[in-house]
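In: here's my sequence, what's the structure:
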Amino acid sequence: MQKYSKRILSLSESATIAVASLARKLQAEGKDILSFSAGEPDFDTPQAIKDEAIRALNSGFTKYTAVSGIPELLEAISHKFKRDNNLDYSAKEIIVSNGAKQSLFNIFQALINEGDEVLIPTPYWVTYPELVVYSGGTPIFIPTTQEYSFKVRSIDFERAITSKTKAIVLTSPSNPTGTVYDKGDLEAIAKIAVEHNLWIISDEMYEKLIYEGDFVSIASLNDEILQRTITINGLSKAVAMTGWRMGYAACKDTTLIKLMDNLQSQCTSNINSITQKASIVALNGSVDVDINYMREAFKERRDLACNLISEIPGINVVKPQGAFYLFINIQNIRRYNGDSMQFCKDLLEKAGVALVPGSAFGMDGFVRMSFACDIEQIKAGFIRIAKFINEL
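Out: Purely as a prediction, here's the structure:
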């Protein structure tokens, strides 16, 4: 008899969390480390949200709630979808979970059977393929290129579809590239999903962090694609609530939502009650000024970082339209021959700068740098990176 579950042995540690943890460990040891690895805003949670949490705590709102969320929170999410995305989701079509990671876990566990294929564009967020495999499915990776701003083309999806294909994972804005799909891009992908009867799993976590153009939710295009889309969002990134653990999913298939609710009821039950009350304030427009302030600060940092990259020979980047990451091309640094892991190890050891290797996202030859940190750290980081590269 095997000692451990085959399923759990198939899971790997999150590479982004591993790098961030290593950077924190080195800092704790007194080493001078500038970390650009974590996907976490450096801003504090807006005061109005914290005040509501304190009110909830002081009023004794500390008991179990319905698994999928309190009615007031589900209503706030429903209103948010209508106001921001022109989507009509009722309370029974929404489930609140402990961050978008649990939302995704619930979705894949509820959807995927052994051997089902899920199409995932590369580079991808590290968690997607891990959860597909854990659920018994097979991730099918669809390569993208820097030439096309890391957008997957509809023809690339179509070529990869087989009789086993069940779903397409779509992330806009993207982690790690910051790519944003416009309405035309989404219409082409939606057409294929409808023609082949596929689910669209649309991760919209960075929706509020777009620097040019408007955000379009794929489910809003027409009723056919609405019926096939599971929309995922949360409050971690745009509202600086990473530690509060609040994510949510919405789908017109109420049976699927109920199955996710059943699963969540057996593993975590509801997310904590205090977060639920505070999340209503985060969703109802009360902190839009704070969100806009953070977005403008991220935009300023992005512009600065891209300008600094342009001054360093051997590396380049596609200016991201959204999120707070730079996916930096290191393929012209001959010593590494595109080996992003070795580059990151050497950069950390010799220059004290922590980045995440592109291999963690399924695309070697690139490294991810988060600009969710202050201007001075970005400037200091690029001084070190330039010195490191110039000395090679």
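
In: got the end-to-end distance for stretch 37-48?
Out: Start-to-end span of stretch 37-48 (C-alpha to C-alpha, to the nearest Å) is 28 Å.

In: mind listing what's buried in that stretch?
Out: Across stretch 37-48, burial judged by 16 or more other C-beta atoms under 10 Å covers S37, A38, G39, E40, P41, D42, T45, P46. All C-beta spots, glycine's among them, are computed from the backbone N, C-alpha and C.

In: do stretch 73-80 as well
Out: Buried residues in stretch 73-80, counted by 16+ other C-beta under 10 Å: L73, L74, E75, A76, I77, S78, K80.

In: secondary structure class for A249?
Out: Under DSSP: H, G, I helix; E, B strand; the rest coil, A249 falls in the strand class.

In: for T231, see how far away the nearest residue to it once chain neighbours are set aside is.
Out: Among residues not flanking A249 along the chain, S103 sits closest, at 4.3 Å (C-beta to C-beta, 6 or more residues apart in numbering). From S103 over to T231 the distance is 10 Å, taken as C-beta to C-beta, to the nearest Å.

In: common neighbours of these two, please.
Out: Counting by C-beta atoms under 8 Å, 6 or more residues apart in numbering, the residues touching both S103 and T231 are A249.

In: contacting residues for the closest residue to F141 other than its chain neighbours?
Out: Leaving aside its sequence neighbours, F141 sits nearest to T122 (C-beta to C-beta, 6+ apart; 4.9 Å). Neighbouring residues of T122 by C-beta under 8 Å, 6+ apart: F141, I142, P143, T144, F361, G362, M363.

In: T122 pairs with what?
Out: Beta bridges link T122 to P143, judged by DSSP bridges.

In: ok, now how distant is it from P143?
Out: To P143, T122 is 5 Å away according to C-beta to C-beta.

In: count of residues packed around I383?
Out: Counted with other C-beta atoms under 10 Å, the neighbours of I383 add up to 14.

In: check whether it sits in a helix, strand or coil.
Out: Following three-state DSSP, the label given to I383 is helix.

In: also the one 5 residues further on?
Out: Recorded secondary structure, F388: helix (three-state DSSP).

In: ok, now how distant is it from L34?
Out: 12 Å.

In: circling back: pick out the most distant pair among the contacts of T122.
Out: Spanning the widest gap among the contacts of T122 are I142 and F361, at 13.3 Å by C-beta to C-beta.

In: the more surrounded of the two?
Out: Using other C-beta under 10 Å as the criterion, I142 and F361 rank with F361 on top: 26 against 17.

In: show me the helices in this protein, by range?
Out: Secondary structure of the chain (DSSP state H): helices at 6-9, 15-28, 47-58, 71-85, 99-111, 127-134, 154-160, 183-195, 223-226, 254-267, 273-283, 288-310, 340-351, 375-390.

In: what about F388 and L34, which has more around it?
Out: L34 (22 against 17).
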